[in-house]
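Chemist: model this:
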Amino acid sequence: MRGLEYCDYMIRGMAASGQIRYFAITSRDLVEEARRRHQTSPVMTAALGRLLSGGAMMGAMMKGEKDLLTLQIHGSGPAGGLTVTADARGHVKGYPVNPVVSLPASPAGKLDVGRAIGSGVLTVIKDIGMKEPYSGQVQLVSGEIAEDLTYYFAVSEQTPSSVALGVLMNKNNTVAQAGGYMIQLMPGTGEDVIAGLEERLSRTEPVTTMLSKGHTPESMMEEILADFDVEAARERIPASFSCNCSKERMEKALVSLGASELDQIIADGKPIEMNCHFCNSHYSFSLDELRRTREGLSS
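Modeler: As a prediction, this is how the structure comes out:
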């Protein structure tokens with residue numbers, strides 16, 4: 001990892017006298033951490049990196065300390081699907097169903113995320129402390145992820161939005177740049193603001209191009225929203241790939257299997273290894289540890 005000056009972070013703020021709200025992120029390090037943990041191929045690094053960046057910003061929209069957001073994509077393409085979970089404090093984690101997918105470049109010469117994902121559905125689950133989590137689902141419109149999140153906001157939350165996400169790879173398949181932004185219109189936004197923003201967005205460079213030129217989340221928003229009296233971001237929210245798995249949590253998962261299942265595992269006479277889907281960490285349990293866990297069920 002690089003020095004603190006390069007750490008990933010998000011910003012959020014308002015523009016056009018409260019008619020526009022924005023979120024922006026630089027996420028190179030957290031996407032590289034995801035690539036390293038899951039050993040993803042370039043197109044899957046791009047797919048997972050886009051969803052991680054989008055999920056981090058959507059997590060920042062939540063208010064509660066314990067609120068959790070989950071984004072799930074199930075597609076017909078070779079990627080199979082993606083799952084990302086984020087909280088309101090910039091912690092995000094995720095995994096692909098199939099980490100290694102090889103495809104030719106798209107007609108535009110870019111990593112073909114849309115073809116890797118294929119057709120399918122995007123599900124957004126928000127656990128905000130209510131009796132049941134909120135769940136919204138939409139059909140994928142492109143599989144490119146940014147367009148799919150834009151469609152989700154329009155259909156499920158009735159919030160006109162512009163979502164841009166990008167991941168740029170180095171020649172050695174590490175992550176060179178990653179980030180994105182979400183610009184949303186608030187209720188009652190004037191037609192002049194809408195028209196002006198649409199025109200401005202049509203002339204905006206891709207996210208990875210802006211980041212490669214040295215733009216920060218702040219300067220990206222200052223450039224895109226220059227005509228709309230953009231307010232300075234109130235805070236920087238550190239963003240990181242962060243998983244709360246542990247051996248203790250895995251042991252609880254073993255307990256949840258029940259006595260008969262544990263007895264069968266012990267009868268096999270071999271230690272076992274449990275893996276965390278989100279961060280690909282491995283936890284080994286010896287036969288003695290398995291027996292102690294089983295004894296705990298009897299006490």
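Chemist: for the chain, which segments count as strands?
Modeler: With strands called from DSSP state E, the chain shows them at 9-15, 20-26, 68-75, 81-87, 91-96, 120-127, 134-139, 161-169, 175-185, 236-238, 240-241, 272-275, 282-285.
Chemist: what pairs with the fourth one, parallel or antiparallel?
Modeler: When sheet partners are counted by DSSP bridges, strand 81-87 sits next to strand 68-75 (antiparallel), strand 91-96 (antiparallel).
Chemist: adding mean neighbour count and distance to Asp127, write those out as a markdown table.
Modeler: For glycine as for every other residue, the C-beta is placed from the backbone atoms N, C-alpha and C. Compiled in a markdown table, the strands paired with strand 81-87 are given as follows (neighbours: other C-beta atoms under 10 Å; distance: least, C-beta to C-beta, whole Å):
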| stretch | mean neighbour count | distance to Asp127 |
| --- | --- | --- |
| strand 68-75 | 22 | 4 |
| strand 91-96 | 25 | 14 |
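Chemist: got the ones you listed as JSON lines, with distance to Asp227 and mean pLDDT columns?
Modeler: Formatted as JSON lines, the strands paired with strand 81-87 follow (distance: least, C-beta to C-beta, whole Å; pLDDT from 0 to 100):
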{"stretch": "strand 68-75", "distance to Asp227": "31", "mean pLDDT": "97"}
{"stretch": "strand 91-96", "distance to Asp227": "32", "mean pLDDT": "97"}
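Chemist: out of the ones you listed, which is closest to Ser142?
Modeler: The minimum distance between Ser142 and the strands paired with strand 81-87 falls on strand 68-75, with 10.9 Å, by C-beta to C-beta.
Chemist: let me know the angle separating that closest one from strand 134-139.
Modeler: Strand 68-75 runs at 20 degrees relative to strand 134-139, counting by axes from the mean of the first three to the mean of the last three C-alpha atoms, to 10 degrees.
Chemist: got the angle between strand 68-75 and strand 120-127?
Modeler: With the same axes, to 10 degrees applied, the angle from strand 68-75 to strand 120-127 works out at 170 degrees.
Chemist: what about strand 68-75, distance to the chain center?
Modeler: 9 Å (C-alpha atoms, centre = their mean, to the nearest Å).
Chemist: the lowest-mean-pLDDT helix or strand in the chain - contacts with which helices or strands?
Modeler: Across the helices and strands of the chain, mean confidence by mean pLDDT, DSSP states H and E is lowest for helix 287-298: a mean of 86. Other helices and strands packing on helix 287-298, by 3 or more C-beta pairs under 8 Å, 6 or more residues apart in numbering; DSSP states H and E, are helix 247-257, helix 259-267.
Chemist: and the longest one, average pLDDT?
Modeler: It stands for helix 247-257. In this model, helix 247-257 carries a mean pLDDT of 89.
Chemist: residues of it that come out buried?
Modeler: Neighbour-count burial for helix 247-257 flags Met250, Glu251, Leu254 (criterion: 16 or more other C-beta atoms under 10 Å).
Chemist: please apply the same query to stretch 276-296.
Modeler: Judged by neighbour count (16+ other C-beta under 10 Å), stretch 276-296 contains these buried residues: Cys276, Phe278, Cys279, Asn280, Tyr283, Phe285, Leu290, Thr293, Arg294.
Chemist: for stretch 226-237, same thing?
Modeler: Buried residues in stretch 226-237, counted by 16+ other C-beta under 10 Å: Phe228, Val230, Glu231, Ala233, Ile237.
Chemist: quick one: buried residues of stretch 179-193?
Modeler: Neighbour counts using 16+ other C-beta under 10 Å place Gly179, Gly180, Tyr181, Met182, Ile183, Gln184, Leu185, Thr189, Val193 of stretch 179-193 among the buried residues.
Chemist: just want the most central residue of the protein.
Modeler: In the chain, the centroid-proximal residue (C-alpha atoms, centre = their mean) is Leu52; its distance is 1.8 Å.
Chemist: close enough to count as contact, it and Arg35?
Modeler: No - using C-beta atoms under 8 Å, Leu52 is not in contact with Arg35, being 10.3 Å away.
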